[in-house]
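Visitor: build me a model:
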Amino acid sequence: MKNSNAKNLLGVILMIVGGLWILDNFNFGYIGIPFHSLIFSWHTFFIIAGAVLISKHNRSFFGYILIGIGIVGWLRHMPFIPFVEFLNFGDLWPLILLGFGLWLILNKNERNNHDHYEKFGNLHQDRQNFNPLDGETFSNPSTSNASNFSFDFIDENAVFTTTKKLITSQSFKGGKTSSVFGHIMLDLRQTKLAPGEHVLDVSAIFGGVELYIPQDWKVIVNVSSVFGGFDDKRFPNFNSTPSTDSVLVIKGSVVFGGGELSN
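Guide: Numbering: from 1, shown residues only. As a prediction, this is how the structure comes out:
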């Protein structure tokens with residue numbers, strides 16, 4: 001589904017719900033749907049979060065799972081669908097776990113078969129220090145989960161874990177990161193951006209991501225958030241001029257999570 005199609009679908013759903021709500025408020029026929037409790041409920045939050053994921057990631061299986069959970073929750077409030085109200089969400093949690101596991105498997109296979117994220121260069125594990133802005137250093141990648149990579153494309157995933165990596169590519173061309181109940185920290189300050197426009201796709205679901213970039217990079221941030229945020233905490237450097245030949249576009253979505261960009 002293209003981004004415009006997902007937004008149009010969400011717009012149509014909101015218009016239908018709003019129209020029915022108005023008719024119910026003015027007693028144009030009895031509808032019997034508790035709109036207040038329906039709209040301001042966690043079911044709606046799941047549907048919005050899923051729509052955002054699908055609009056930002058064309059094949060977001062997890063987004064469809066969230067929308068499905070929200071729709072089932074909505075149907076339980078519909079008086080003209082009697083059998084749904086007997087559904088117990090406690091009985092559906094195993095299905096949610098199965099769907100989440102299937103999403104992890106499909107996402108892994110897509111990464112392995114996607115030529116766009118072909119990795120170049122050699123892996124360096126010479127125990128160079130990872131030194132984020134908080135002053136913490138990691139001198140042993142095997143024990144601290146911090147590593148030094150020279151890949152031109154990155155494809156990082158953190159599921160219920162924390163990943164910290166120092167990227168030293170001299171021709172960085174973007175990539176993607178995905179954190180689900182996890183945290184990703186990438187230090188790109190020793191990296192050079194390849195000529196042209198490159199995209200770094202960021203996804204954080206109940207997780208977080210921290211990006212550290214050189215001060216002379218030209219960066220465009222286009223990250224949407226649902227019950228979360230992505231903060232641009234870069235300090236301006238008046239002694240250097242951003243390169244006009246290379247541009248890094250950071251896009252993606254943050255759902256019940258957080259992100260930070262710093263130099």
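Visitor: all strands for the stretch 151-263 of the chain, in order.
Guide: For the stretch 151-263 of the chain, applying DSSP state E, counting those that start in this stretch gives strands covering 154-159, 162-167, 175-180, 183-187, 196-205, 208-212, 218-226, 229-232, 246-255, 258-262.
Visitor: between those strands, which one is closest to Ile16.
Guide: Nearest of the strands of the stretch 151-263 of the chain to Ile16, taken as CB to CB: strand 218-226 at 20.8 Å. Every C-beta, even on glycine, is put in place using the N, C-alpha and C of the backbone.
Visitor: and that closest one with strand 196-205, angle?
Guide: 20 degrees (axes from the mean of the first three to the mean of the last three CA atoms, to 10 degrees).
Visitor: list the buried residues in strand 218-226.
Guide: Val219, Val221, Val223, Ser225, Val226 (16 or more other CB atoms under 10 Å).
Visitor: surely Gly68 forms part of a helix?
Guide: Yes. According to DSSP: H, G, I helix; E, B strand; the rest coil, Gly68 belongs to a helix.
Visitor: pLDDT weak spots in the chain?
Guide: The chain contains residues with pLDDT under 70 at 1-10, 13, 20, 23-40, 55-62, 77-93, 95-96, 99-100, 102-150, 237-244.
Visitor: tell me the bridge partners for the nearest residue to Glu156 once chain neighbours are set aside.
Guide: Nearest-residue entry for Glu156: Thr177, 4.6 Å, with adjacent residues in sequence omitted and distances by CB to CB, 6 or more residues apart in numbering. Thr177 has these beta-bridge partners by DSSP bridges: Glu156, Val202.
Visitor: can you report how many residues neighbour Thr177?
Guide: By other CB atoms under 10 Å, 23 other residues sit near Thr177.
Visitor: pretty sure it contacts Lys165?
Guide: No. Contact criterion CB atoms under 8 Å: Thr177 and Lys165 do not qualify, at 10.1 Å.
Visitor: the residue nearest to Asp232 when sequence neighbours are not counted: what's it in contact with?
Guide: Distance criterion CB to CB, 6+ apart; nearest residue to Asp232, sequence neighbours excluded, is Leu261 at 5.0 Å. The neighbours of Leu261, taking CB atoms under 8 Å, 6 or more residues apart in numbering as the test, are Leu211, Ile213, Val219, Val221, Phe230, Asp231, Asp232, Lys233, Arg234, Ile250.
Visitor: same question, Val12
Guide: Val12 neighbours (CB under 8 Å, 6+ apart): none.
Visitor: now do the SS call for it.
Guide: Val12 ends up helix, using three-state DSSP.
Visitor: now which of the contacts of Leu261 would you call buried?
Guide: Buried residues within the contacts of Leu261, counting neighbours by 16+ other CB under 10 Å: Leu211, Ile213, Val219, Val221, Phe230, Arg234, Ile250.
Visitor: closest to Asp201 among those residues?
Guide: Nearest to Asp201 out of the buried ones among the contacts of Leu261 is Ile250 (CB to CB; 8.3 Å).
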